[in-house]
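> Okay, sequence plus prediction incoming.
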Amino acid sequence: MRFNQNRKSYSSFDLGERNVKVVVLSRDYMPLMYCDIRRAIALVYSNKAEIVTESGSFLRSISSRFPIPQVIRLLGKLVKHIVPKVTYTRKNVHIRDNYTCQYCGSRERLTLDHVMPVSRGGKSTWENVVTACYPCNARKGSKTPEEAAMPLPITPRKPSILMQIDWHQFFNQAEA
Ligand SMILES: [Zn+2]
């Protein structure tokens, strides 16, 4: 854990009062999720994560102060589990698409996009629905990818196998 002794500005911080989210990156710096500060600090102190960016705030004890992270990076390899039932659900579509907008690659503000729009008879199926960010979803509107000049890199299909990241390897042990 990096410790910046020379930082001039800091503020006191009460963990119970502020609901600040910390960005969690994978070992290869892909954004995965948000977590709260308690979890983030627990991960750092159990050597399961390192601080990438500090928030500028500090957690203070009687004898020392510790930087509160804004972004942390998990140090372990992500363990993935097979989702037993490959049923069509919003969550499973996101898992199939690795929580990534299929049009622009964004991992933020995700929703589902009907490739053939619902207004034109498009169905909610594995083959017609992809993960998209809200801006891409709005930009595409009621067009097909061809009409909108937003080609899909992969033809959506029902996956034969679905893998989900196992968070327990980080969070249960870190909180214990
Ligand atoms: Zn997008």
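Received the coordinates, thanks. Numbers count the residues shown, from 1 in each chain.
> What segments of the chain are helices?
For the chain, helices defined by DSSP state H occupy the ranges 37-45, 90-96, 134-140, 145-148, 168-175.
> Out of those helices, which is the most enclosed?
Stretch with highest mean neighbour count among those: helix 37-45 (a mean of 20; mean count of other CB atoms under 10 Å). C-beta here means a position set from N, CA and C on the backbone, and glycine is covered the same way.
> before we move on, the earlier item: make JSON lines out of the helices of the chain and add mean pLDDT and distance to residue 72.
Output for the helices of the chain, formatted as JSON lines (pLDDT from 0 to 100; distance: least, CB to CB, whole Å):
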{"stretch": "helix 37-45", "mean pLDDT": "87", "distance to residue 72": "5"}
{"stretch": "helix 90-96", "mean pLDDT": "92", "distance to residue 72": "22"}
{"stretch": "helix 134-140", "mean pLDDT": "97", "distance to residue 72": "26"}
{"stretch": "helix 145-148", "mean pLDDT": "97", "distance to residue 72": "36"}
{"stretch": "helix 168-175", "mean pLDDT": "59", "distance to residue 72": "10"}
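> Quick one, which of the ones you listed gets closest to residue 27.
Comparing these against residue 27 with CB to CB, the closest turns out to be helix 168-175 (11.2 Å).
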